[in-house]
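Trainee: model this:
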Amino acid sequence: AKKKQKRMAAQVFLLFESAPGYAIFKEIESEEAASNEASVQSSINNFKEFHRMVKLHSFHAFPNGETALENINDVSEGICNKLLTKCLKASLGKTKTKFVLGVAEEKLGSAIQEANPTVTCQKNGHILELLRGIRLHFDKFVKDAPDMKKDLLQTSRRALGHSYSRSKVKFNVNRVDNMVIQSIALSDQLDKDLNTFSMRVREWYAWHFPELYTIVSEPQMYAKVVKFVGNKSTLSDDSLDELEEIVNDRTKAESIVKAARISMGTDIAPIDLVNISKFADRVIDLIDFKNNLQAYMKNKMHTISPNLTALVGEQVGARLISKAGSLTNLAKYPASTVQILGAEKALFRALKTKSATPKYGLLFQSGFVQKATLKNKGRISRYLANKCSIACRVDCFGELGTDKYGKRMKEQVEERLNFYTTGKIPTKNLDAMKQVLADLKKDAKKPATPKKTKKEPVEEEEEATPAKKKPATPKKAQPTEDDMEVEAPPKRTPKKKAPVVEEEEEEEEAPTPKKTPKKTPKKKAPVVEEEEEAPPKRTPKKKAAVVEEEEEEAPTPKKTPKKTPKKKAPVVEEEEEAPPPKRTPKKKAAVVEEEEEEAPTPKKTPKKTPKKKAPVVEEEEEAPPP
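Mentor: Just a heads-up that it's a prediction; the model follows:
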């Protein structure tokens, strides 16, 4: 009675995930079900007996194939889907008694408990046996379910199986290692076939020209020469240039021609030569195809496993992947397995005979093992296998796509070889990997920095150029008056012979001091005149005369260009004849001021200038003698 009360307190429900939907079964309270697993196992095969233990509680079908695939993926990963939560609430939410939900996966049970705190999940041997019986008789249980349609079970199983398998087979098209496996197998087969075919061409053509193979031994070159020569009797000195292009050696071409003249081979029919030339064409094409295949395999290996390729090369890396079956399998192998990969026969023979096991397999083709001495071959192969295992895991599970790890590991192997010979201690693996990570971080930052460095200087230069030009103009346009007076004379003094031209140039240069043309003459003119002439009574007359001269000088070159030099000549002589040497630079400054003032004056009254010219010149000539 106590056992029945306990069972009543904890009712057992079973969750079964199927292709058409979620099914929840209920365990029937009976002595047979509660006895032991042996009784359950004996009644599983018989549906009538099993039906007494378990019955269908509820069934929730998936609305479409996409939902079914999503839920099955979540179940496989141990995630409680929202649809599963709704199904559990709809079927178990109304139960008032305590219950336990039996599940097949503990991870899924813990996820269900997190999503539904009221649900307690459980997994044990008894529940697993019940679920096994449900899986066996599921089609009979859901036969009369309301959501179950005819033939839904078979079609849903087939469709979900295909879609689930397709979703799990996720791979990158560019990193398919199957292409490398097929290409290396084809390359090995081509090597065998080409050896056979080249030997057949040599034996076939040797009846006609046996001396040719002693001169040309390379298979592809031999086939090309056979195709070109044909009948040896037609070979002459005229064909030396073409033979030289094929053989790439003048002496070989000459020796072929000489050997053809003294050859001991038999004559051959034209039909036989045709067949030999066709077969030689096939050999040449196969050799070209093999070269292209090797180039393709090299590019593919750099894409699929760049670090392994950088460490041991394309050929050895492709053979390791082909022997393991895939890059993933090779990455899962321990270093000890990678070391003897390809030497399985020798290993089992050594184990059988209890002799020494092999030290290397496919890694013997690597250059590092061949460089090492006989004593160190086993040691370096073990070290190289360790590095190959690390490189394969980086290529398989990493997403960087860089070969820096492989290059750094190659340097470590070389350092190990030097350690065996010289005793120099190599760098530790941890320090080497940290250095590679630091280099990768620098490379990740480099592409961003050049863009900023290129843009910023351009903007700075664009902003700097106007800034430099703008202050340059005002500095030249706003010099002090003293600077203008000092800079002006050396430029204009040598042009005394052609004063008319000077006036034109002064008129062109005049717009620079447009800001204060009127104030400058008023301030400086009285100072210069007071120094030149002491009497204060004559200064105002001379000022007026000077102003009139400035007004008259601008339009003069247009009306009377010949008279202007005559009028200015005495003025220059008077300035030069002045006895005091100190006053000469000041007069020059005054002349410069007059030249600067000449530009704005022509705007006033150009018609009055001819009337005022005559008296002004007379006053200037009469003024200096007293």
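Trainee: mind checking the longest helix of the protein?
Mentor: helix 270-304 (DSSP state H).
Trainee: Could I get the full set of strands for this protein?
Mentor: In the chain, the strands defined using DSSP state E lie at 11-17, 21-27, 54-61, 99-102, 121-122.
Trainee: If we ignore the residues flanking it in sequence, what's nearest C388?
Mentor: V338 (5.3 Å; C-beta to C-beta, 6 or more residues apart in numbering). For the C-beta atoms, the positions are set from N, CA and C on the backbone; glycine is no exception.
Trainee: er, V54 I mean
Mentor: The spatial neighbour of V54 that comes closest, neighbours along the chain excluded (C-beta to C-beta, 6+ apart), is F25 at 5.0 Å.
Trainee: which residues does the one you found contact?
Mentor: F13, L14, F16, V54, K55, L56, H57, L130, I134, F141 (C-beta atoms under 8 Å, 6 or more residues apart in numbering).
Trainee: Starting from Q41, give me the distance back to it.
Mentor: Here F25 is placed at a distance of 17 Å from Q41 (C-beta to C-beta, to the nearest Å).
Trainee: what do you get for K192?
Mentor: The value you get for K192 to Q41, if C-beta to C-beta is used, is 57 Å.
Trainee: Which one's more surrounded, the two?
Mentor: Q41 (12 against 9; other C-beta atoms under 10 Å).
Trainee: List the contacts of the more buried one.
Mentor: Contact analysis of Q41 by C-beta under 8 Å, 6+ apart lists E129.
Trainee: Could you check the pLDDT of it?
Mentor: Predicted confidence (pLDDT) for Q41: 71.
Trainee: picking up where we left off before, could I get the buried residue list for the longest helix of the chain?
Mentor: Neighbour-count burial for helix 270-304 flags 273, 276-277, 279-280, 283-284, 286-287, 290, 294, 297-298, 300-301, 303-304 (criterion: 16 or more other C-beta atoms under 10 Å).
Trainee: same check, this time on stretch 317-330
Mentor: Buried residues in stretch 317-330 (16+ other C-beta under 10 Å): G317, A318, R319, L320, I321, S322, K323, A324, S326, L327, L330.
Trainee: Show residues contacting it.
Mentor: Stretch 317-330 is contacted from outside by 177-178, 180-181, 183-185, 297, 301, 304-305, 308-309, 311-312, 333, 338, 341-342, 362, 365, 388, 392, 395-396, using C-beta under 8 Å, 6+ apart.
Trainee: What separation do you get for the nearest residue to K377 once chain neighbours are set aside and T337?
Mentor: The shortest distance from K377 to any non-neighbouring residue, by C-beta to C-beta, 6+ apart, is to V369 (5.6 Å). Between V369 and T337 the computed distance is 17 Å (C-beta to C-beta).
Trainee: which of those two has more neighbours?
Mentor: V369 (20 against 14).
Trainee: residue contacts, the more buried one?
Mentor: V369 neighbours (C-beta under 8 Å, 6+ apart): Y360, L363, K377, I380, S381, L384.
Trainee: 10 Å instead?
Mentor: Residues in contact with V369 (C-beta atoms under 10 Å, 6 or more residues apart in numbering) are V312, V316, K359, Y360, L363, N376, K377, G378, I380, S381, L384, V413.
Trainee: so L14 bridges to which residues?
Mentor: Following DSSP bridges, L14 is listed with bridge partners F25, G102.
Trainee: what about the nearest residue to K107 once chain neighbours are set aside, how many neighbours?
Mentor: Excluding its sequence neighbours, the residue lying closest to K107 (C-beta to C-beta, 6+ apart) is G78, at 3.3 Å. Counted with other C-beta under 10 Å, the neighbours of G78 add up to 14.
Trainee: cool, and S42?
Mentor: What S42 shows, counting by other C-beta under 10 Å, is a neighbour count of 12.
Trainee: Give me the local confidence score for the residue nearest to V54.
Mentor: With respect to pLDDT, F25 has a value of 90.
Trainee: any low-confidence regions in the chain?
Mentor: 1-9, 29-39, 147, 149-150, 169-175, 447-626 (pLDDT under 70).
Trainee: now with 50?
Mentor: Low-confidence segments of the chain, defined by pLDDT under 50: 1-8, 31-34, 448-623, 626.
Trainee: Distance of the closest residue to I184 other than its chain neighbours relative to E106?
Mentor: Spatial nearest neighbour of I184, excluding adjacent residues (C-beta to C-beta, 6+ apart): A318 at 4.1 Å. A318 sits 42 Å away from E106, going by C-beta to C-beta.
Trainee: before we move on, what about S76?
Mentor: For S76, the distance to E106 - C-beta to C-beta - is 14 Å.
Trainee: follow-up on the earlier one: show me which of the buried residues of stretch 317-330 is closest to D403.
Mentor: The closest of the buried residues of stretch 317-330 to D403 turns out to be G317 (C-beta to C-beta; 11.5 Å).
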